[in-house]
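# Sharing a sequence plus its predicted fold:
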Amino acid sequence: VQLQASGGGLVQAGGSLRLSCAASGRTISTYRLGWFRQALGKEREFVASISWSGSMIVYADTVKGRFTISRENAKNMIHLQMNSLKPEDTAVYCCAARSSGAVAWNSWGQGSQVTVSS
């Protein structure tokens, strides 16, 4: 499956952005999907993930209560609504997919830059 993120940009602290990720090549209905981010000079970190049914959602502690992950299987898309953004949320965000039974994330999309100014 191919993934492409969009929706990043520049926002002031306290603002909101919504990232979307479009999947192509295969239906994502049975995949676990997630968002990761990598700030300049830092390692990539997990942000959030959602099961194929949407019933199991996990957030990193750093974004819990501020970010919301969702998916639209019929449109082969996932979203990340980011509220109350902080300068430390500045990073390149990318979406990823993990096929059923896989132990690792096996599809990665190109990232989308999110910059939060103070």
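Arrived safely, thanks for sending.

# What distance do you get for Gln4 to Gly41?
25 Å (C-beta to C-beta, to the nearest Å). Heads up, the C-betas are built off the backbone N, CA and C, glycines and all.

# Which one's more surrounded, those two?
Taking neighbours as other C-beta atoms under 10 Å, Gln4 and Gly41 compare with Gln4 leading, 15 against 5.

# Do I have it right that that one meets Cys21?
Yes. Counting by C-beta atoms under 8 Å, Cys21 is a contact partner of Gln4 at 6.7 Å.

# Determine the residues that are contacts of both of the two.
Gly109 (C-beta atoms under 8 Å, 6 or more residues apart in numbering).

# All the strands of this structure, residue numbers only.
With DSSP state E applied, the chain shows strands at 2-6, 9-12, 17-24, 32-38, 45-50, 57-59, 67-72, 77-82, 91-98, 107-108, 112-117, listed in chain order.

# neighbouring strands for the fifth one, and are they parallel or not?
By that I understand strand 45-50. Using DSSP bridges, the strands paired with strand 45-50 in its sheet are strand 32-38 (antiparallel), strand 57-59 (antiparallel).
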